[in-house]
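K.L.:
no sequence for this one, just the structure:
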């Protein structure tokens, strides 16, 4: 059997911040997903895995069965990534959507003629933008949280969307809860949006916060598990504290929902997370995460399913998702917060 070479690049811990201070929350979440991904990879035969690693994390470099490429301050992380990508057959990026980081990485791989083990750059251009996601879902009659852009032409967002109640403002391409704030008036909006970013505004819906771990391929979807997210609310911001992975079984509603999402965005491929808010009246889609999410870290322990193996099966056919156990696993994310 021939050896398949896979390059793993988790942007935060893999050198994307090699010339500046590592952001603690994103680095913690990145490390959580990276270790889970490498653990899945090392359970499989006939793979040669190379992982990029920030020079400050070289204490994690000695991973049995994994080749590590340390990215030092003098390196250009993207140039090093391109060099390594040329030597590999498959590429698995884990990166935030903000500033087009994930989309640009995928475009680089596509331009090299290499195989992504994630969604395409075209899918990320939509799913990585919360307003584009809203418009796509709304066009396809999929219940989604009402969303408006907050820009110079939209000077009175609270008046336009209605009076009373609470609202959430967040960057259009933000990750999880980072830079998202609950506001009640225009003064709050002006204070919280001082940064030069594009923001959206949404009504602050109260309900159960669920995430779905899924696989997608060419308009088809497979539900892996439904997860319950638990947040802390501090200084007008939500902070993800923990996730109960495989929290409850699907009665069929979740599968029907992701089937609709798959048809609406057939470019989705591989693992993706769907964030929901469930109220008594409606299940609302909040966002689509076209990448690994923190919930991924608990799937193997909860179900005994190797997601890497399932994604590799997607390359040539359908995934085989046969759980060997069925329990709920809690993934602690308090220190990592900011992504689901």
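P.N.:
Looks like it arrived, so ask away. All figures in this text were calculated on a predicted structure; none of them were measured in a lab. Residues are numbered from 1 along each chain as shown.
K.L.:
all contacts plus neighbour counts: C-alpha atoms, from now on.
P.N.:
Will do.
K.L.:
what about the closest residue to residue 89 other than its chain neighbours, neighbour count?
P.N.:
Nearest non-adjacent residue to residue 89, counting by Cα to Cα, 6 or more residues apart in numbering: residue 5, 5.2 Å away. Neighbour count for residue 5, taken as other Cα atoms under 10 Å: 16.
K.L.:
I'd say residue 5 and residue 90 touch.
P.N.:
Yes: counting by Cα atoms under 8 Å, residue 90 is a contact partner of residue 5 at 6.3 Å.
K.L.:
show the pLDDT at the residue nearest to residue 85 when sequence neighbours are not counted.
P.N.:
Once flanking residues are discounted, residue 85 sits nearest to residue 7: 6.5 Å by Cα to Cα, 6+ apart. Here the pLDDT value assigned to residue 7 is 97.
K.L.:
I figured residue 7 hits residue 86, correct?
P.N.:
No: the criterion here is Cα under 8 Å, and residue 7 misses it with residue 86 at 9.7 Å.
K.L.:
neighbour count for the two, which is higher?
P.N.:
residue 7 (24 against 15).
K.L.:
let me know the helix or strand that that one is in.
P.N.:
Using DSSP states H and E, the element containing residue 7 is strand 4-10.
K.L.:
any idea what residue 51 is bridged to?
P.N.:
residue 8, residue 68 (DSSP bridges).
K.L.:
neighbours of it, just the number please.
P.N.:
As a burial measure, residue 51 scores 22 neighbours (other Cα under 10 Å).
K.L.:
now the helices for the stretch 201-340 of the chain?
P.N.:
253-264, 299-303, 307-316 (DSSP state H, counting those that start in this stretch).
K.L.:
what pLDDT, on average, does the shortest one get?
P.N.:
To tie it back to what came earlier, the one meant is helix 299-303. Mean predicted confidence for helix 299-303 is 98.
K.L.:
try stretch 88-105
P.N.:
According to the model, stretch 88-105 has a mean pLDDT of 93.
K.L.:
same check, this time on stretch 312-323
P.N.:
In the prediction, stretch 312-323 has an average pLDDT of 96.
K.L.:
what's the answer for stretch 258-268, then?
P.N.:
The average pLDDT within stretch 258-268 is 98.
K.L.:
that stretch: which residues count as buried?
P.N.:
Residues of stretch 258-268 classed as buried under the neighbour-count rule (16 or more other Cα atoms under 10 Å) are 258, 259, 260, 261, 262, 263, 264, 265, 266, 267, 268.
K.L.:
try stretch 52-59
P.N.:
52, 53, 54, 55, 56.
K.L.:
enumerate every residue touching the third one.
P.N.:
Put plainly, it is residue 54. Neighbouring residues of residue 54 by Cα atoms under 8 Å, 6 or more residues apart in numbering: 13, 14, 15, 16, 17, 18, 70, 71, 72.
K.L.:
contacts only, for the closest residue in space to the fourth one that isn't next to it in sequence.
P.N.:
Going back to what we said before, that points to residue 16. Spatial nearest neighbour of residue 16, excluding adjacent residues (Cα to Cα, 6+ apart): residue 77 at 5.9 Å. Residue 77 makes contact with 15, 16, 18, 71, according to Cα under 8 Å, 6+ apart.
K.L.:
check the spacing between residue 77 and residue 48 real quick.
P.N.:
Per Cα to Cα, to the nearest Å, residue 77 is found 21 Å from residue 48.
K.L.:
before we move on, what about residue 221?
P.N.:
28 Å.
K.L.:
neighbours around the nearest residue to residue 46 once chain neighbours are set aside, how many?
P.N.:
Leaving aside its chain neighbours, residue 46 sits nearest to residue 3 (4.8 Å; criterion: Cα to Cα, 6+ apart). Other residues near residue 3 come to 10 when the count uses other Cα under 10 Å.
K.L.:
which stretches of this structure aren't confidently modelled?
P.N.:
Along the chain, the model assigns pLDDT under 70 to residues 1, 58-62, 152-164, 176-178, 192-196, 334-340.
K.L.:
max-length helix in it?
P.N.:
In the chain, taking DSSP state H as the definition, the longest helix is helix 24-42.
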